[in-house]
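Peer 1: For reference, the sequence and a predicted model appear below.
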Amino acid sequence: MTATSAPTAATRTRDLFLIGNTTDELGGVTAWTHQMARLFTAAGHRVHVIGVYEHELKMPLPADPGYRITALYPSHPPSPRTLRGTARLNPAARRREARRIDGRRQASALLSSLFREAGPGAVAIVTQVWPMEWIRAADTAGVRLIGMSHESYAYTRACHRYRSVKRDYPHVDRWVALTQEDADDWIADGLNNVGAMPNALAHLPAVPSPRTENVVCSIGRLADQKGVDMLLDTWAEVAPDRPDWRLHLYGAGPDEAELKARCARLGLDRSVEWRGRTDDVQGALAGSSVFVQSSRGEGFPLALMEAMANAVPCAAFDCAPGVREIVRDGEDGLLAPVGDVDALADRLLRLTGNRRMRDTMGERARENVQRFSQEKVLGMWEDLFALLER
């Protein structure tokens, strides 16, 4: 069964809540959320996608996706402010904080009412740690909680979310990292309710890329985590030796203006094309012969799997266990030490300079990535749901 085949029916129909920062933000976690919502719905579950707020940089969604979608706030909720000194006597500041607290109370009450509607065996999958602030205040009686992290252990360890994981995830029924290596790292860090769950391959195209275009493709948000600045530095080393190749950058984000200025300073405007957001990832990959990922940190990147499913060989920074679990270095793609621009340039030069290597690795990538098919991953989720009922 391929990644696009219909999933097998669930062993038991459940109410499933997928709860994240937003319902519609353009990004990998939201894409995963709606992919799994469709998969769980097709398997017979009753699915409800819940976000803390509606995002301004929206992912296009169908008018009727086939499952419920709820945002607790219409826009980003205000952050808590500690009132110190004279601010404690400021009536306007006190009113703002009172409104924030009341809004949080109402949002948690809404969550409680949604949970109370659920039938026996209900499960809430918390896809990101921030929503736990509202879930902690909600009535979760009768609902099993699964926490998730869509980042590597190392990436979370280096940022503020680490404190949230350590505070909130020991209290969920189970929480899952994206790889066993990440799960082992969390266990070594003192958490004992951790398992692993890979992302599922969303789509296996009937016709893969012919790899006939001299195009290297990158797909991702134009933000620091995705390392597009390092990719431009890499391309500055590749472009002089590959004057007939082009780098296509798909994505939007807060760093767009700065990155375009950097591109101009490096003299790359004639070989780099900024393609913007795309809803046609398969079309972008079909017109490419190599995929490149230059992220500083990742979890289990969907774009990498999609490129491989399209038989497009990948060069990537080895920035997370999920990357090296997807790409078998030297067999179906090439990895470079994270942040090593010279090494990533070497991998791109090898792939762009050797048609036989591209074809061989591309075909292997398409075959190998199918070990993450939707059917297999859905089966893992069903096993986890059953385990939580024991």
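Peer 2: Arrived safely.
Peer 1: And the protein, what are its domain boundaries?
Peer 2: As given by automatic domain parsing, the domain ranges for the chain are 15-200+373-389, 215-371.
Peer 1: And the strands in this protein?
Peer 2: Here the chain has its strands, by DSSP state E, at 15-22, 46-53, 68-73, 123-126, 144-148, 174-177, 194-196, 215-219, 246-250, 272-276, 290-293, 314-318, 333-337.
Peer 1: Would you tell me which one of the ones you listed is buried the most?
Peer 2: Of those, the one with the most neighbours on average (mean count of other C-beta atoms under 10 Å) is strand 290-293, at a mean of 27. Every C-beta, even on glycine, is put in place using the N, C-alpha and C of the backbone.
Peer 1: Who are the packing partners of the top helix by length along the chain?
Peer 2: Using DSSP state H to define each element, the chain has its longest helix at helix 91-116. Helix 91-116 is packed against strand 46-53, strand 68-73, helix 132-135, with contacts defined by 3 or more C-beta pairs under 8 Å, 6 or more residues apart in numbering; DSSP states H and E.
Peer 1: quick one, which of the ones you listed is nearest to Phe40?
Peer 2: strand 46-53 (5.0 Å; C-beta to C-beta).
Peer 1: Need phi/psi at Ala223.
Peer 2: Dihedral angles of Ala223 (phi, psi; degrees, to the nearest 10) stand at phi -140, psi 160.
Peer 1: wait, it sits on Asp255?
Peer 2: Yes - applying C-beta atoms under 8 Å as the test, Ala223 and Asp255 come out as touching, 5.6 Å apart.
Peer 1: about what we covered before: can you lay out the helices and strands packed on helix 91-116 as JSON lines showing mean pLDDT and distance to Val216?
Peer 2: Listed next are these as JSON lines, based on pLDDT from 0 to 100; distance: least, C-beta to C-beta, whole Å:
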{"stretch": "strand 46-53", "mean pLDDT": "96", "distance to Val216": "34"}
{"stretch": "strand 68-73", "mean pLDDT": "96", "distance to Val216": "36"}
{"stretch": "helix 132-135", "mean pLDDT": "96", "distance to Val216": "39"}
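Peer 1: Relative to Asp332, which of those is closest?
Peer 2: Comparing those under C-beta to C-beta, the one sitting nearest is strand 46-53, at 32.8 Å.
Peer 1: and the angle for the closest one with helix 91-116?
Peer 2: Strand 46-53 runs at 170 degrees relative to helix 91-116, counting by axes from the mean of the first three to the mean of the last three C-alpha atoms, to 10 degrees.
Peer 1: Grab the nearest non-local neighbour of Asp139.
Peer 2: Ser112 (4.0 Å; C-beta to C-beta, 6 or more residues apart in numbering).
Peer 1: what's the pLDDT at that neighbour?
Peer 2: pLDDT for Ser112: 97.
Peer 1: check contacts around it.
Peer 2: Contacts for Ser112 (C-beta atoms under 8 Å, 6 or more residues apart in numbering) come out as 138-140.
Peer 1: do the same with Ile50
Peer 2: Contacts for Ile50 were tallied using C-beta under 8 Å, 6+ apart; they are 17-20, 23, 69-72, 111, 114, 131.
Peer 1: gap between the lowest-mean-pLDDT helix or strand in the chain and the chain center?
Peer 2: Taking mean pLDDT, DSSP states H and E as the measure, the helix or strand of the chain with the lowest value is helix 91-116, at a mean of 90. Relative to the chain's own centre, helix 91-116 is displaced by 29 Å; criterion: C-alpha atoms, centre = their mean, to the nearest Å.
Peer 1: thinking again about what came up before, in the longest helix of the chain, which residues are buried?
Peer 2: 97, 104, 107-108, 110-112, 114-115 (16 or more other C-beta atoms under 10 Å).
Peer 1: can you check stretch 370-381 too?
Peer 2: Those would be 370, 372-375, 377-378, 381, for stretch 370-381 by 16+ other C-beta under 10 Å.
Peer 1: Please apply the same query to stretch 192-204.
Peer 2: With burial defined by 16+ other C-beta under 10 Å, the residues of stretch 192-204 counted as buried are 193-204.
Peer 1: ok, the closest residue to Val47 other than its chain neighbours - contacts?
Peer 2: For Val47, ignoring the flanking residues on the chain, the nearest one in space by C-beta to C-beta, 6+ apart is Tyr67 at 4.0 Å. Shown in contact with Tyr67 (C-beta under 8 Å, 6+ apart): 37-38, 41, 46-49.
Peer 1: Among the residues you listed, find me the one that's closest to Lys166.
Peer 2: Among the contacts of Tyr67, Val49 lies closest to Lys166 (C-beta to C-beta), at 26.6 Å.
Peer 1: ok, what's across the strand from that closest one?
Peer 2: Beta-bridge pairing for Val49 (DSSP bridges): Leu18, Ile69.
Peer 1: And it, how far from Leu18?
Peer 2: 5 Å (C-beta to C-beta, to the nearest Å).
Peer 1: Identify the contacts common to these two.
Peer 2: 33, 37.
Peer 1: Tell me if I'm right that Pro313 and Val292 touch.
Peer 2: No - the pair Pro313 / Val292 is not scored as a contact, 10.1 Å apart, by C-beta under 8 Å.
Peer 1: remind me which residues of this structure are low pLDDT?
Peer 2: 1-10, 57, 82-89 (pLDDT under 70).
Peer 1: now with 80?
Peer 2: 1-11, 26-27, 56-60, 80-90, 92-94, 390 (pLDDT under 80).
Peer 1: For Ser209, which of the domains of the chain is the nearest?
Peer 2: domain 215-371 (4.8 Å).
Peer 1: what's the span of the closest one, first residue to last?
Peer 2: 27 Å (C-alpha to C-alpha, to the nearest Å).
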